[in-house]
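Engineer: dropping a prediction and its sequence here:
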Amino acid sequence: MTSTAVAPAVAGGAAAAAPDDAADAATQVLPHVVPQDVGEPRVRVLGVRHHGPGSARAVRAALDAWSPTVVLIEGPADADPLTVFVGRDGMEPPVALLAVTADEPRRAAWWPFAVFSPEWQALTWAAARGVPARFIDLPAAVQLADEASDEDGDGDGDQPQELRTDPVAALAHAAGYEDPERWWEDVVESRAADAAPFDVVTDAMAALREHEPALPDDGSSDAPAHLLREARREAHMRQQIRAALREGHERVAVVCGAWHAPVLRGRLPAAAPDARLLRGLPRRKVSLTWSPWTTSRLALHSGYGAGVASPGWYQHLFTCTDRVVARWLVEVAGVLRRRDLPVSSAHVIEATRLAQVLAAVRGRPHPGLAEVTEATRAVLCEGDDALLAHVTAHLVVGERLGTVPDDVPTVPLEADLRATARRLRLPFEAAPRTLELDLRKDTDLARSRLLHRLALVGVDWGTTETSRTRATGTFRETWTLLWRPELTVALVEASPWGATVPAAAAARVVADAAGSDLPGVTALVERALVADLPDALDGLLPVLDARAAQDGDVAHVLRAVPPLVRAHRYSDVRGTRVEALARVADALVVRACAALPGAVTGIDDDAARVLRADVDAAHDAVRLRDDPSGSELWWRTVSALADRTDVSGVLSGRATRLLLDAGHLDPDEAAGRFSRALSRGTPARTTAAWAEGFLDGGGLLLAGDRRLLGVLDAWVGALRDDDFTDVLPLLRRTFGALPAGERRAVGTAVAQLGTAGAAAASDDVELDPELVRAPLATVLRLLGAAT
């Protein structure tokens, strides 16, 4: 939708302006709007752009100049009691007002504040001078009760429709700007002076609002939902202004989004229509508090409906009073130098000059982020977009986490977490941090238990790096910690389970087990053990016994064994009691061995691949458990599976490989089975499936055993063209799954087949006893053998 009221103001204006007149051209759209009657001098409306540094600077200057006796701010009216925390020690933006419904904690709304937010500057100005500050928007209890206002539950209920989606874009287009961000930055955000054109911006918004459909005079609820919602919000704002005037305040400052300013300034209309519009609105019981926020989350559309794509840049614009571009590029240079890149002061000087030239060529009054970014890419990053992305992530956006005072209202669960984290010296940080834990140390063990307990209640503050943990043994864990604002909501959601982290985790895990199958219950048992929740184990073991007795799915039985066996090891590492679990695990192994022969009959290769993963996991668990009777029974089952010809080769080939790796099958016998499986009488796809299962354990076996490699090479060489085409995808999948080093070793071995190198490789090599004595003794000592 175009704005015919403002378009004539820029005819022949910004589009044709010379660079020297760029500042005038950028603002030319505003003075040509016919001003409205300013009305009552006791009220001054400051229409702003949410999270705008220029607006924030101008608001503070206007408040200093006018000294209001009360400051009214767009925000949920029921958050007024929380304004007392503004200005206290420990309250450092970015922070956010958080509203959570009592009966549905997942339904929440956020109102974020940065240091460069005009609303935050108004709050801190009032707090520093003892001036009352109040929020005047619809209460959060009403906004969260309005399903249409926030269908996705993310708190962006004040998103306007049509022009209200981005009224700044309409003004920017009227001024000849394709990018509304650039227009606003030129007109307001980059202004050196503190004065901002509040009145003319409001007049321009008034002209835009003339093109919006009006609400019916009777305030009918049949009006479009977005119109009715906005009308109610603005009616509530006017009611709050009237209340401040009735209290006798001589100077009332109103800080609100520029879109709302036209209907709040001047002489207010009669109160009766507003009262009718607000009568009988539904409410929900909500809890409000301050919550830490992050700079990166400011880039998302939030409760103010105004995401900031470059919060780091805006923070710089707000805090830097001179040589803005040069000082910014100095910070960029620092970021790059920390990556050991050779960035000198000459680079900074040249980049500054380039940004200024680009701004002049484009007719901009000052270099903006676009010009500075291009100068950074060309000069400091030398055209490397990866380096530019690093600068953007660390500086343009940033990842700083705000803080709130300890006495801010919160749920008991969050208070317990913060106290525990403080005791364990685990800071809440917005940037990822790797934490290496040695479970033999009391503090590290307590940290591990806390993180595991939080994961059980859905608060994923830390994630484990499984591969590294397995590589270093069960006495060590590697975590990556990252605190995100939404975890505060997760804590509120988890609070019904208990007032402390251990109590909540224990209650949640028992409740989850009631609706889980056998593998799910065993996984919960393992997680409860590592989280040291003995009360939860008392509730889990009866459920585990019941599921183990009832579940006849062999896949479920196989999947249930590994968590129980792994849990058995924690008796040594964590001091937990797991004797009962060994009994259940042994019983499940017996059931798996009894059910497996029938379960593998008649399944196709795809189903066999799924079952193969379960067999592999159970096999590792049986070896880890090392129970003599269970192990003997398992090996008999695997041996019988390897001998069968009526099952998928994926399974029989894998069983053969398991026997070979464990020493239960002679290498010559394994080579014979491999040769028979790859014989000409067997269909090519069946043969390829057997080879896939056999080679799944790793390719180094082929590289080291030339007999097996020769059999496979001869089979591939003898395939007919159509058979080769048919099995090629299977072979590619088999060898593609091997690590790169193993593929290279197999390729080298294949290249040596039938060559002198192969013969040489197969010859016995005489070793000098004197040379090998010392390393051999070391190897034997490492293996625990006598030397």
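Structural biologist: Structure's in. What do you need?
Engineer: now do the SS call for the residue nearest the centre of the chain.
Structural biologist: For the chain, the residue nearest the mean C-alpha position is residue 484 (7.5 Å; CA atoms, centre = their mean). Recorded secondary structure, residue 484: coil (DSSP: H, G, I helix; E, B strand; the rest coil).
Engineer: leaving out sequence neighbours, find the closest residue to residue 142.
Structural biologist: Take residue 142 and drop its neighbours on the chain: the residue closest to it by CB to CB, 6 or more residues apart in numbering is residue 281, 5.1 Å away. Every residue, glycine included, has its C-beta placed from N, CA and C.
Engineer: in a strand, the one you found, correct?
Structural biologist: No - Residue 281 sits outside any strand when classified using three-state DSSP, being coil.
Engineer: so it touches residue 145, yeah?
Structural biologist: Yes - using CB atoms under 8 Å, residue 281 is in contact with residue 145, at 7.5 Å.
Engineer: okay, these two: which has more neighbours?
Structural biologist: residue 145 (19 against 15; other CB atoms under 10 Å).
Engineer: for the more buried one, phi and psi?
Structural biologist: The phi and psi torsions at residue 145 (degrees, to the nearest 10) take the values phi -80, psi -10.
Engineer: could you measure from residue 100 over to residue 541?
Structural biologist: 35 Å (CB to CB, to the nearest Å).
Engineer: sorry, that was for residue 127
Structural biologist: 55 Å.
Engineer: which parts of stretch 480-488 are buried?
Structural biologist: 481, 482, 483, 484, 485, 487, 488 (16 or more other CB atoms under 10 Å).
Engineer: now the helices for the stretch 651-787 of the chain?
Structural biologist: When secondary structure is read from DSSP state H, counting those that start in this stretch, the stretch 651-787 of the chain shows helices at 667-677, 684-695, 700-704, 706-718, 721-736, 740-752, 756-762, 769-782.
Engineer: neighbouring contacts of the fourth one?
Structural biologist: Contacts made with helix 706-718 from outside it, assessed by CB atoms under 8 Å, 6 or more residues apart in numbering, are listed as 670-671, 674-675, 678, 680, 687, 691, 701-703, 724, 731, 746, 749-750, 753, 758, 761-762.
Engineer: gap between that helix and the chain center?
Structural biologist: Between the centre of helix 706-718 and the centre of its chain there are 48 Å (CA atoms, centre = their mean, to the nearest Å).
Engineer: same thing with the longest one?
Structural biologist: Here the centre of mass of C-alpha atoms in helix 721-736, compared against the chain's by CA atoms, centre = their mean, lies 39 Å away.
Engineer: between the buried residues of stretch 480-488, which is nearest residue 378?
Structural biologist: residue 482 (33.2 Å; CB to CB).
Engineer: the closest residue to that closest one other than its chain neighbours - how many residues pack around it?
Structural biologist: Closest residue to residue 482 apart from its sequence neighbours, by CB to CB, 6+ apart: residue 432 at 4.8 Å. Residue 432: 11 surrounding residues under other CB under 10 Å.
Engineer: ok, now which ones touch residue 432?
Structural biologist: 480, 481, 482.
Engineer: distance of it from residue 462?
Structural biologist: In terms of CB to CB, residue 432 sits 10 Å off from residue 462.
Engineer: ditto for residue 605
Structural biologist: 39 Å.
Engineer: ditto for residue 369
Structural biologist: 34 Å.
Engineer: go on, residue 589?
Structural biologist: Taken as CB to CB, the span from residue 589 to residue 462 is 33 Å.
Engineer: over to residue 99?
Structural biologist: Taking CB to CB, one finds residue 99 at 27 Å from residue 462.
Engineer: before we move on, back to that, out of residue 589 and residue 462, which sits in the busier spot?
Structural biologist: Neighbour comparison, residue 589 and residue 462: the larger count goes to residue 589, with 26 against 23 (by other CB under 10 Å).
Engineer: averaged pLDDT, stretch 647-665. What do you get?
Structural biologist: Average pLDDT, stretch 647-665: 85.
Engineer: hmm, back to that, which residues are in contact with each of residue 432 and residue 462?
Structural biologist: 480, 481, 482.
Engineer: got a list of what the spatially closest residue to residue 427 that is not a sequence neighbour touches?
Structural biologist: Closest residue in space to residue 427, ignoring its immediate chain neighbours: residue 421 at 7.5 Å, by CB to CB, 6+ apart. With contact set as CB under 8 Å, 6+ apart, residue 421 has these partners: 427, 428, 450.
Engineer: what strand or helix carries the first one?
Structural biologist: Just to be clear, that refers to residue 427. Secondary-structure assignment from DSSP states H and E places residue 427 in no helical or strand segment.
Engineer: phi, psi of it?
Structural biologist: Torsion angles, degrees, to the nearest 10, at residue 427: phi -70, psi 150.
Engineer: quick one, grab the pLDDT at it.
Structural biologist: The model's pLDDT for residue 427 equals 92.
Engineer: how many neighbours does it have?
Structural biologist: 10.
Engineer: got it, and the last one?
Structural biologist: Residues contacting residue 450 under the criterion other CB under 10 Å number 23.
Engineer: isn't it up against residue 419?
Structural biologist: No - the pair residue 450 / residue 419 is not scored as a contact, 11.2 Å apart, by CB under 8 Å.
Engineer: so who does residue 326 touch?
Structural biologist: 348, 352.
Engineer: convert the helix or strand hosting it to CSV, retaining C-alpha atoms only.
Structural biologist: Using DSSP H and E, residue 326 maps to helix 324-337. What follows is helix 324-337, C-alpha atoms only, in CSV (Å, rounded to 0.1, in the frame of the first residue of the first chain):
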residue,chain,number,x,y,z
VAL,A,324,31.7,6.3,15.0
VAL,A,325,33.0,4.5,11.9
ALA,A,326,36.7,4.6,12.8
ARG,A,327,36.1,3.3,16.3
TRP,A,328,33.9,0.5,15.0
LEU,A,329,36.6,-0.6,12.5
VAL,A,330,39.1,-0.6,15.3
GLU,A,331,36.9,-3.1,17.1
VAL,A,332,36.6,-5.2,13.9
ALA,A,333,40.4,-5.2,13.7
GLY,A,334,40.6,-6.5,17.3
VAL,A,335,38.2,-9.3,16.5
LEU,A,336,40.4,-10.3,13.5
ARG,A,337,43.6,-10.0,15.4
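Engineer: returning to what we had before: could you dump the contacts of residue 432 into TSV and include distance to residue 340 and pLDDT?
Structural biologist: Putting the contacts of residue 432 into TSV (distance: CB to CB, whole Å; pLDDT from 0 to 100) gives the following:
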residue	distance to residue 340	pLDDT
480	24	93
481	26	94
482	25	91
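Engineer: closest to residue 775 out of those?
Structural biologist: residue 480 (38.5 Å).
Engineer: so the closest one sits in a strand?
Structural biologist: Yes - per three-state DSSP, residue 480 lies within a strand segment.
Engineer: of the helices of the stretch 651-787 of the chain, which shows the lowest average pLDDT?
Structural biologist: helix 756-762 (a mean of 44).
Engineer: which one's more surrounded, residue 100 and residue 541?
Structural biologist: Taking other CB under 10 Å, residue 100 and residue 541 do not tie; residue 100 has more neighbours (25 against 16).
Engineer: and the more buried one, backbone torsions?
Structural biologist: phi -130, psi 130.
Engineer: correct me, but it touches residue 287?
Structural biologist: Yes - if you go by CB under 8 Å, residue 100 and residue 287 touch, sitting 5.2 Å apart.
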